[in-house]
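J.: Make a model of this:
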Amino acid sequence: MELDINKLDNETLIAAGIVAIIFLMIKALYANTFRLTLKLIAPENRFMKPGEAWLVLIPIFNIYWNFELAKRMADSLTNEFYDRKIAEEEAPGRSTGLTVAVLYLITIFPLPLNILLGINLVYFFYFIVYWVKINRFRELLKEHNLFMQERNKEGTTNL
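T.: Below is the predicted model:
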């Protein structure tokens, strides 16, 4: 069955538009999680600025940026965890992030619909796993900040 875009009815176009808007909102929330995580990382430990997380929303460019985001975020987290003396996995999130980037790259190839659907399902799974992982790192950094604030308060009251 061949899809003729000129013969689509208005309801189908509206539904496609709604799905596109929902997907864009999800990607924006995803990018915001990276931005917020980068803001918790000391500037000297960052391999990218927090605002650069939004580049993942740019069509076509995001194919490349997904790979950069995975590498730079892992390197930034590695530096930050090392400085804070937090024991965490080596290159935090890099392998999951690169898997997301590779799967996203594969989804742009013209493949049979059933294969493309399967790849998209696997991509969506890894996308969520990566997002949750980065959010967990963000929570860990926030908790460490609170711990250090409490520790500093106790140190000043004991003097």
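
J.: right, and the helix or strand after whichever strand or helix holds Thr12?
T.: Take DSSP states H and E as the rule and Thr12 turns out to sit in helix 10-39. The helix or strand immediately downstream of helix 10-39 is helix 61-84, counting by DSSP H and E.

J.: Can you list the neighbours in contact with the helix or strand just after that next one?
T.: As assigned by DSSP H and E, the chain's next helix or strand after helix 61-84 is helix 94-107. Residues from elsewhere that reach helix 94-107 (Cβ atoms under 8 Å, 6 or more residues apart in numbering): 62-63, 66-67, 69-71, 73-74, 116, 119-120, 122-123, 126-127, 129-130, 133. The C-beta positions use only the backbone N, C-alpha and C, and glycine is treated the same way.

J.: Return the distance of helix 94-107 from the chain's centre.
T.: How far helix 94-107 lies from its chain's middle: 11 Å, per Cα atoms, centre = their mean, to the nearest Å.

J.: Please apply the same query to stretch 85-101.
T.: That offset, for stretch 85-101, works out to 12 Å (Cα atoms, centre = their mean).

J.: Please apply the same query to stretch 43-56.
T.: Here stretch 43-56 is found 12 Å from its chain centre; the criterion is Cα atoms, centre = their mean.

J.: That one: which residues count as buried?
T.: Within stretch 43-56, the residues scored as buried using 16 or more other Cβ atoms under 10 Å are Asn45, Arg46, Phe47, Met48, Pro50, Glu52, Ala53, Leu55, Val56.

J.: For the nearest residue to the fifth one once chain neighbours are set aside, give me its contacts.
T.: In space, not counting the residues next to it along the chain, Pro50 is nearest to Leu38; the distance is 4.0 Å by Cβ to Cβ, 6 or more residues apart in numbering. Each residue near Leu38 by Cβ under 8 Å, 6+ apart is listed here: Arg46, Met48, Lys49, Pro50, Ala53, Met73, Ser76.
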